[in-house]
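**Student:** What shape does this take:
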Amino acid sequence: MSAEADNLRRVKLAPSILSCDFAHLADELGAIAGADWAHLDVMDGAFVPNISFGLPILAAARRTSNLPLDVHLMIERPERHLKDFAAAGADSLTVHVESTPHIHRAVQQIRELGKRAGVTLNPGTPLEAVRPVLNDVDVVLIMSVNPGFGGQKFIPASLERIRTLRRWLDEAGSDAELQVDGGVSSTNARAVVSAGATVLVAGSAVFGKDGARAGLERLREALK
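**Tutor:** Modelled structure (predicted):
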């Protein structure tokens, strides 16, 4: 089996509930029960321009779904709230290098809470910003749009950033997942995985007009 075929086989899908119908959250989570993770984008209106949701939605998702809950904190000084998000049901917590001057400390806090620790950065931030913590994290997230809103188009230059991080992780002998979030769809999923991603976050591409089950299946079909 080629390296590309092996990567396609083991890729995880993490639908972003930012694009779901929150009036029917339980049903929407049920519709993506065949996914690997559920991705939750928490936005504070300060670190990013939009405000999304917080602890109550996370807690409701935890009561409703058995999927691992992958929480992406787009908030300033996330270390203030890590304990609360862990207690509310997060299985993994990902923080931005731009959001805190103490990224090592934040990562260690997440680990001490018994959760998967993730680190991410905005498209305009040099990749070198995450390199010092690559051996300390379980997830490295490449933002392929500028964070803050769903439904944006994939930034093509992200593919080279994914390739670079894939090489760095391999050289470090890291087992960390390489996650990609932003504009991922059935039209580009294969290219993203071929570049080295192991987890795909998709919102509007899954929670579309024909329902989340169909959207999830369409994404899986694109990877066969």
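**Student:** All the strands of this protein, residue numbers only.
**Tutor:** Assigned by DSSP state E, the strands in the chain fall at 12-15, 38-43, 69-74, 92-96, 116-121, 139-143, 177-181, 199-202.
**Student:** The last one packs against which elements?
**Tutor:** Same thing as strand 199-202. strand 12-15, strand 177-181, helix 189-194, helix 212-222 (3 or more C-beta pairs under 8 Å, 6 or more residues apart in numbering; DSSP states H and E). From N, CA and C alone the C-beta is placed, and that goes for glycine too.
**Student:** Then the first one?
**Tutor:** Other elements packing on strand 12-15 under the criterion 3+ C-beta pairs under 8 Å, 6+ apart are strand 38-43, strand 199-202, helix 212-222.
**Student:** State the mean pLDDT of it.
**Tutor:** If you average the pLDDT over strand 12-15, you get 98.
**Student:** do the last one as well
**Tutor:** In this model, strand 199-202 has a mean pLDDT of 97.
**Student:** chain center to that strand, what's the gap?
**Tutor:** 6 Å (C-alpha atoms, centre = their mean, to the nearest Å).
**Student:** before we move on, the earlier item: may I see the helices and strands packed on strand 12-15 organised as TSV, with mean neighbour count and distance to S65 added?
**Tutor:** Shown next, in TSV, are the helices and strands packed on strand 12-15 (neighbours: other C-beta atoms under 10 Å; distance: least, C-beta to C-beta, whole Å):
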stretch	mean neighbour count	distance to S65
strand 38-43	25	6
strand 199-202	26	16
helix 212-222	17	12
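**Student:** and of those, who's closest to F53?
**Tutor:** Across these, the minimum distance to F53, taken as C-beta to C-beta, is reached by strand 38-43, at 6.7 Å.
**Student:** other SSEs contacting the longest helix along the chain?
**Tutor:** Taking DSSP state H as the assignment, the helix of the chain that covers the most residues is helix 158-171. Helices and strands touching helix 158-171, by 3+ C-beta pairs under 8 Å, 6+ apart, are strand 139-143, strand 177-181, helix 189-194.
**Student:** tally of neighbours for the closest residue to I142 other than its chain neighbours?
**Tutor:** In this structure, I142 finds its nearest non-sequential neighbour in V180, 5.0 Å apart by C-beta to C-beta, 6 or more residues apart in numbering. Neighbours of V180 under the rule other C-beta atoms under 10 Å: 30.
**Student:** just R131 next, same as before
**Tutor:** Neighbours around R131, by other C-beta under 10 Å: 14.
**Student:** could you measure it against V119, distance?
**Tutor:** Relative to V119, R131 is positioned 10 Å away (C-beta to C-beta, to the nearest Å).
**Student:** now swap in D138 and tell me
**Tutor:** 9 Å.
**Student:** who has more neighbours, these two?
**Tutor:** For D138 and V119, the more surrounded residue by other C-beta under 10 Å is V119, and the numbers stand at 25 against 19.
**Student:** wait, doesn't that one sit right on V107?
**Tutor:** Yes: counting by C-beta atoms under 8 Å, V119 does reach V107; the two are 6.4 Å apart.
**Student:** Which residues are in contact with each of the two?
**Tutor:** Common contacts of V119 and V107 (C-beta atoms under 8 Å, 6 or more residues apart in numbering): V95, V133, V137.
**Student:** Let me see the contact set for the second one.
**Tutor:** What that stands for is V133. I103, H104, V107, V119.
**Student:** Tabulate the strands of the chain (JSON lines), appending distance to R218.
**Tutor:** Output for those, formatted as JSON lines (distance: least, C-beta to C-beta, whole Å):
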{"stretch": "strand 12-15", "distance to R218": "11"}
{"stretch": "strand 38-43", "distance to R218": "17"}
{"stretch": "strand 69-74", "distance to R218": "21"}
{"stretch": "strand 92-96", "distance to R218": "25"}
{"stretch": "strand 116-121", "distance to R218": "26"}
{"stretch": "strand 139-143", "distance to R218": "22"}
{"stretch": "strand 177-181", "distance to R218": "17"}
{"stretch": "strand 199-202", "distance to R218": "10"}
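**Student:** Fine, thanks again, bye for now.
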